[in-house]
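[1] Build me a model:
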Amino acid sequence: MKNRLHLLPVGLCLLALVAAAYCLLNYEEEFLWKVQELNLHLDTPLFFKQQMVVSGGLLTWLGTWFTEFFYHPVLGVGWLCLWWALLMVLAQRAFRVPLKWTLLLLVPIALLLLTCIDMGYWIYYLKLRGHFFVATIGLCVTCATIWAYRCIPAKHYLQPLFIAVSTAMFYPLTGFYALLAALLMGLMAWRLKQPVVKAQATVATLVAVASIVIVPLVYYRLVYCQTSEGNIWWTALPLFYITEELTAYYIPYYLLTATMLAFAATYGMLPDGKVKHPVKWGLLQVVLLVAVTMGVKQFWYRDYNFHKELRMQRCMEQQDWEGMLREAAVLDDEPTRAIVMMKNLALFRLGRQGDEMFHYRTGAKESATPIPVNMTQVVGCSIYLYYGLPNYCYRWCLEDGVEFGWRAEYLKYMTRCALLNNEERVARKYIELLSHTRYHKKWAMEQERYIGNEEAMNADNNYNAIRHLMDFDDNLNSDQSVAEQFLMRHFVYDHSRDSVYLDQALNAALWMKDIDIFWPFFNRYAQRHMGQHMPIHYQEAAYLYGQLENKVDISHMPFDSSVKQSYEQFMDLAQRCQGMSEEKMKDVFYPRFGHTFYYEYFLIRNQKLY
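    The predicted structure is shown next:
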């Protein structure tokens, strides 16, 4: 039995992969969905050629191909775990890690997992395609190269020759990971158990260093001249830079490199054979497993609002407006403005904004990230589309596509925009591109039936609802990257006779809290809905403004008794709370009046928009 103890770490590694898959599927399902939406892989020769114009292009091509499978999270996670299992096998072979120390191979796997799940809002800004798989596949190639190098006999300087040839061959395909392999081979030249000739080991190290320096420069001069010279050694690695470089996000990559260097430097030093001291050995295994587990748990990106936004975005993509409201109704934290805007959009599409928009928790919490997050990158495109501004949606998709790379999500929005604007040739272009994807081609074929088919567009609830909001003079201006404020001003300052548009304009007037702007839209709404019940929040605003100013006679308006009663109770409590700080008043007023426009008007101020 003692002789078989070395098989236990192998089983624990397999269990660790199962645990990683379970956590990804149970805690990051919406995140994985969003990752594949922000991915694009086309099954065309041109797409392959476009990836290969920079070194490491094969990794991005493979990475985007495997990322597609996150459309079905079980498939995507399954592929990821298979690659991790392959990496452990190759690393074990390359560095001859004894089976009884197999748990050491979990360290690079844990770091690779962290490179995926510690990104958070970086998924909107990351330019490296296929990020989830690139590092894993790259390290697999690195370990396979080292394994081959180790099998070459140490004579006739074949090993130094292999270093030069493999680096020159794999650099165009894997970029940085080919250079890492050269570095590791140069280090391992001194650790191989073959008779070490110092001269040959020295030559191998010198060749490795020369290959790392010269090969990228030669390819830069002859092939990849469009790549920045300062970046030719780091291709196939992510760039964490927006307005400044955020080096903390590189830490997992630093640790990955250090781990591989440690494997190479300690080659042949780990004791092999039978387990002589089972208790001591077992204790070390437990400590290593606990350390890896706690490290992953500690650095796993957990932001309540980030995941809430993703769930609401997924509901929005499926036009599940009730699902969006269910998500907005259960909040354990102050929401971001993206959550609030998506909630308002859902209420608007369901025709309940005038009665319920203040029944949900409001707020403007900043995103838990050092990145200067802009709403236009998070939900701006979808918000613009569903609020009837397809040109602004198209503009941001186009600009972000140029800046961050084309993504399936962008092409889908641009298709919808082209259909709404009756741009048939443009719509066909994007539908043709999406037809070359694995999982979005069905959606693209469904959209094709709307091209030139006015009846089908009018019969579709989604397109028809958006078209009601497009009856205005459409001019493209700058939104100053402040989507929410721009939208609200658009509705009150642009002009349309459509009743749906006017309803949203009244909601925008509530948002602006401008009395002079409110009354004209309120009067138009009342005239268009003569004899119908006035939504509660519109009544509250009219009653409040009528009490604050005497410019409009509200004595003849049929306000609900509950509206008058809640106003009197609110003002009575305000009298009793004089002298309190505004924050303290919020705590006192919210339980009774947090669902009213009165609370919104007096106690919700200076919310940060982005």
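[2] quick one: secondary structure of the closest residue to Asn461 other than its chain neighbours?
    Leaving aside its sequence neighbours, Asn461 sits nearest to Gln319 (Cβ to Cβ, 6 or more residues apart in numbering; 8.0 Å). Any C-beta I mention is one placed from the backbone N, CA and C, and that applies to glycine too. Assigned state for Gln319: coil (three-state reduction, DSSP: H, G, I helix; E, B strand; the rest coil).
[3] was I right about Gln319 contacting Ala465?
    No - taking contact to mean Cβ atoms under 8 Å, the distance of 9.7 Å between Gln319 and Ala465 leaves them out of contact.
[4] Give the burial count for the residue nearest to Asn461, as a bare number.
    For Gln319, the tally of surrounding residues (other Cβ atoms under 10 Å) stands at 14.
[5] Ser382 versus that one, what's the distance?
    In this structure, Gln319 and Ser382 are separated by 11 Å, where distance is defined by Cβ to Cβ, to the nearest Å.
[6] now swap in Leu246 and tell me
    Using Cβ to Cβ, one obtains 26 Å as the distance from Leu246 to Ser382.
[7] Tell me which of these two has more neighbours.
    Neighbour totals were compared for Leu246 and Ser382, and Ser382 leads with 19 against 14 (other Cβ under 10 Å).
[8] ok, the more buried one to Gln51 distance?
    As defined by Cβ to Cβ, Ser382 lies at a distance of 28 Å from Gln51.
[9] According to the record, where do the domains of the chain fall?
    Taking automatic domain parsing as the domain assignment, the ranges for the chain are 28-299, 306-468.
[10] Using CSV, lay out those together with distance to Leu7 and mean pLDDT.
    Written out in CSV, the entries for the domains of the chain read as follows (distance: least, Cβ to Cβ, whole Å; pLDDT from 0 to 100):
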stretch, distance to Leu7, mean pLDDT
domain 28-299, 7, 91
domain 306-468, 38, 93
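[11] Put together CSV for these, with distance to His495 on each row.
    As requested, the domains of the chain are arranged in CSV below (distance: least, Cβ to Cβ, whole Å):
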stretch, distance to His495
domain 28-299, 34
domain 306-468, 13
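[12] Which among the ones you listed is found nearest to Ser581?
    Checking the domains of the chain against Ser581 by Cβ to Cβ gives domain 306-468 as the closest, at 17.8 Å.
[13] In which helix or strand does Ala364 reside?
    Secondary-structure element containing Ala364, defined by DSSP states H and E: none, the residue being outside all helices and strands.
[14] hang on, Ala208 packs against Trp190?
    No - the criterion here is Cβ under 8 Å, and Ala208 misses it with Trp190 at 11.2 Å.
[15] Which residues does stretch 39-52 contact?
    Counting by Cβ atoms under 8 Å, 6 or more residues apart in numbering, stretch 39-52 makes contact with 57-58, 60-61, 64-65, 67-68, 70, 129-130, 172, 405-408, 411, 433, 436-438, all of which sit outside it.
[16] buried sites along that stretch?
    39-42, 47, 51-52 (16 or more other Cβ atoms under 10 Å).
[17] what do you get for stretch 448-462?
    448, 450-451, 457, 460.
[18] between those residues, which is closest to Phe358?
    Within the set of those, Asp460 lies nearest Phe358; the separation is 31.0 Å, counting by Cβ to Cβ.
[19] For the nearest residue to the closest one once chain neighbours are set aside, which three-state class applies?
    Taking Cβ to Cβ, 6+ apart, and ignoring the residues beside it in sequence, Asp460 has Tyr450 as its nearest neighbour in space, at 7.1 Å. Tyr450 falls in the coil class when you classify it by three-state DSSP.
[20] Report whether the expected contact of Tyr450 with Ala418 is present.
    No - using Cβ under 8 Å as the test, Tyr450 is too far from Ala418 to be in contact (9.9 Å).
[21] Which one's more surrounded, Ala208 and Trp190?
    Applying other Cβ under 10 Å to Ala208 and Trp190 shows that Ala208 carries more neighbours, namely 24 against 15.
[22] Can you tell me how far that one is from Tyr220?
    19 Å.
[23] Equivalent analysis for Leu173, please.
    In this view, Leu173 and Tyr220 are 16 Å apart by Cβ to Cβ.
[24] how deep is Leu433 tucked in, by neighbour count?
    21.
[25] Contact partners for the residue nearest to Asp460?
    By Cβ under 8 Å, 6+ apart, the contact list for Tyr450 reads 419, 427, 456-457, 460, 463.
[26] got the phi/psi numbers for it?
    phi -90, psi -10 (degrees, to the nearest 10).
[27] Among the contacts of Tyr450, which lie within helices?
    419, 427, 456-457, 463 (DSSP state H).
[28] Nearest to Ala541 among those residues?
    Set against Ala541, the nearest of the ones in helices among the contacts of Tyr450 by Cβ to Cβ is Tyr463 (31.4 Å).
[29] What is the neighbour count of the closest one?
    Once other Cβ under 10 Å is used to define contacts, Tyr463 is seen to have 16 neighbours.
[30] correct me, but it touches Asn421?
    No - contact between Tyr463 and Asn421 fails when scored by Cβ under 8 Å: they sit 11.5 Å apart.
[31] Return the list of helices and strands in contact with the helix ranked longest in the chain.
    Scanning the chain for the helix with the most residues, using DSSP H, yields helix 198-222. Here helix 198-222 touches helix 158-174, helix 176-188, going by 3 or more Cβ pairs under 8 Å, 6 or more residues apart in numbering; DSSP states H and E.
[32] Mind putting those helices into JSON lines with mean neighbour count and distance to Leu310?
    As requested, the helices and strands packed on helix 198-222 are exported to JSON lines (neighbours: other Cβ atoms under 10 Å; distance: least, Cβ to Cβ, whole Å):
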{"stretch": "helix 158-174", "mean neighbour count": "20", "distance to Leu310": "31"}
{"stretch": "helix 176-188", "mean neighbour count": "26", "distance to Leu310": "30"}
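[33] export those to TSV and tack on distance to Val35?
    Listed next are those as TSV, based on distance: least, Cβ to Cβ, whole Å:
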stretch	distance to Val35
helix 158-174	22
helix 176-188	21
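[34] among these, which is nearest Arg361?
    The nearest among the helices and strands packed on helix 198-222, by Cβ to Cβ, is helix 176-188 at 45.3 Å.
[35] List the contacts of that closest one.
    Applying Cβ under 8 Å, 6+ apart, the external contacts of helix 176-188 come out as 56, 59, 138-139, 141-142, 145-146, 149-150, 159, 162-163, 166-167, 169-171, 204-209, 211-212, 215-216, 233-237, 257, 260-261, 263-265, 267.
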